[in-house]
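Colleague: heads up, no residue letters with this:
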């Protein structure tokens with residue numbers, strides 16, 4: 001299972017790096033192979049059908065502090081599991097949900113695993129926290145016929161909060177389109193930090209182009225807020241919901257992937273609760289009613305763990321390629337993107353990781369920001385591509401900016417052409 005972050009790593013002022021404009025001379029560290037798991041259990045039907053996304057205005061479906069979503073309030077105890085019934089929040093036939101999961105002040109460093117209630121608990125994590133930390137992570141999780149999910153807490157006592165951002169079903173609304181990370185906003189470049197209680201509009205319409213776009217997936221990075229805070233992303237043209245998209249401690253750099261429905265003008269809004277905060281928004285995908293790929297959820301599956309890899313951790317300044325296919329005729333070559341919970345652990349220096357398609361340059365966008373010795377995770381939707389210059393394979397790359405760090409990737413599903 002995942003290592004727990006040390007409390008010391010989170011109580012010190014962090015110097016985790018946000019992605020620079022241009023990574024300095026990244027080098028190729030080599031190719032590593034990975035195999036996709038076979039479909040099994042409740043995910044088999046979804047794999048056969050594919051599913052489309054329907055975004056919703058964020059709604060709180062779980063809060064153990066007040067008892068929302070549970071028979072009674074109270075933190076989840078160590079080695080404890082709670083069951084969240086989503087049957088009243090999503091329609092019959094839903095095969096996966098998009099949640100934003102927040103862990104609130106665990107009494108010990110811990111991790112949380114979310115999985116379909118019909119399945120046994122997998123070797124995977126959905127959220128990693130240090131003691132007394134408040135941290136959010138996007139979680140895409142498959143559902144069974146009961147439309148229930150289990151949440152397991154490993155250490156200490158912890159309160160959990162979950163906000164529903166959307167759901168996937170064969171009769172859903174929109175197809176997914178992968179994108180190379182595209183920077184939409186960096187408030188450090190002229191616009192200025194978002195003040196306490198302030199909101200800003202993020203112009204996504206120009207990047208989207210299509211009038212059929214219904215939602216976007218962005219990587220949201222908050223840089224050195226002057227107070228501990230949370231940000232909420234929501235559609236323009238709607239009132240701000242009682243939900244959070246990212247929780248950030250004072251003077252830290254934290255990233256979280258967020259899928260959010262767009263408003264009638266195809267833009268989104270960001271609200272900052274406390275202090276002033278700089279924000280970076282990178283577009284990684286969009287959902288369109290006219291074209292794109294379907295989502296095929298899987299039971300959470302550990303696909304990569306460099307702690308068990310004889311090639312060892314990722315070195316600073318290097319990017320590494322993971323091969324999914326070697327021929328266009330391979331079934332994996334039909335996959336356009338993978339959905340991971342990406343975890344970094346055991347880093348020797350403050351760093352950031354970037355996940356991006358093979359055959360593409362290292363982007364000026366970060367997927368996960370880490371302190372030295374910190375364990376943290378972020379959901380990553382990474383597009384796949386062909387690498388011809390450094391090999392002949394179809395896959396994705398992981399870039400580490402500084403020091404040495406181990407990477408764990410837990411698969412939640414993938415995007416591929418719909419079955420018509």
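Modeller: Yep, it's here. What you see is a predicted model; the values in this text were computed from it and never measured.

Colleague: burial check on the spatially closest residue to residue 246 that is not a sequence neighbour, number of neighbours?
Modeller: For residue 246, ignoring the flanking residues on the chain, the nearest one in space by C-beta to C-beta, 6 or more residues apart in numbering is residue 256 at 4.1 Å. Any C-beta I mention is one placed from the backbone N, CA and C, and that applies to glycine too. Around residue 256 there are 26 other residues, counting by other C-beta atoms under 10 Å.

Colleague: which residue ranges of the stretch 1-150 of the chain form helices?
Modeller: 7-11, 43-49 (DSSP state H, counting those that start in this stretch).

Colleague: rank these by pLDDT, which is bottom?
Modeller: Mean pLDDT per stretch puts helix 7-11 lowest among the helices of the stretch 1-150 of the chain, at a mean of 29.

Colleague: where does this structure have low pLDDT?
Modeller: 1-24, 36-49, 420 (pLDDT under 70).

Colleague: could you chop it up by domain?
Modeller: By the record's domain assignment, the chain is partitioned as 21-38+298-416, 43-169, 178-288 (automatic domain parsing).

Colleague: report the next helix or strand after the helix or strand hosting residue 378 in sequence order.
Modeller: Per DSSP states H and E, residue 378 falls inside strand 376-383. The helix or strand immediately downstream of strand 376-383 is strand 385-387, counting by DSSP H and E.

Colleague: hmm, who's touching that following strand?
Modeller: Residues outside strand 385-387 that contact it (C-beta atoms under 8 Å, 6 or more residues apart in numbering) are 31, 321, 357, 358, 359, 360, 393, 394, 395, 396.

Colleague: mind listing the strands it pairs with, and their directions?
Modeller: Within its sheet, and counting by DSSP bridges, strand 385-387 is paired with strand 393-400 (antiparallel).

Colleague: how big is the angle separating the partner strand from strand 376-383?
Modeller: For strand 393-400 against strand 376-383, the angle by axes from the mean of the first three to the mean of the last three C-alpha atoms, to 10 degrees is 150 degrees.

Colleague: and the next helix or strand past strand 393-400?
Modeller: With elements assigned by DSSP H and E, the helix or strand that comes after strand 393-400 is strand 404-416.

Colleague: give the other helices and strands that that following strand contacts.
Modeller: Judged by 3 or more C-beta pairs under 8 Å, 6 or more residues apart in numbering; DSSP states H and E, the packing partners of strand 404-416 are strand 134-142, strand 294-305, strand 314-315, strand 337-345, strand 351-357, strand 376-383.

Colleague: roughly how far is the fifth one from the heart of the chain?
Modeller: Yep, that's strand 351-357 we're talking about. Between the centre of strand 351-357 and the centre of its chain there are 13 Å (C-alpha atoms, centre = their mean, to the nearest Å).
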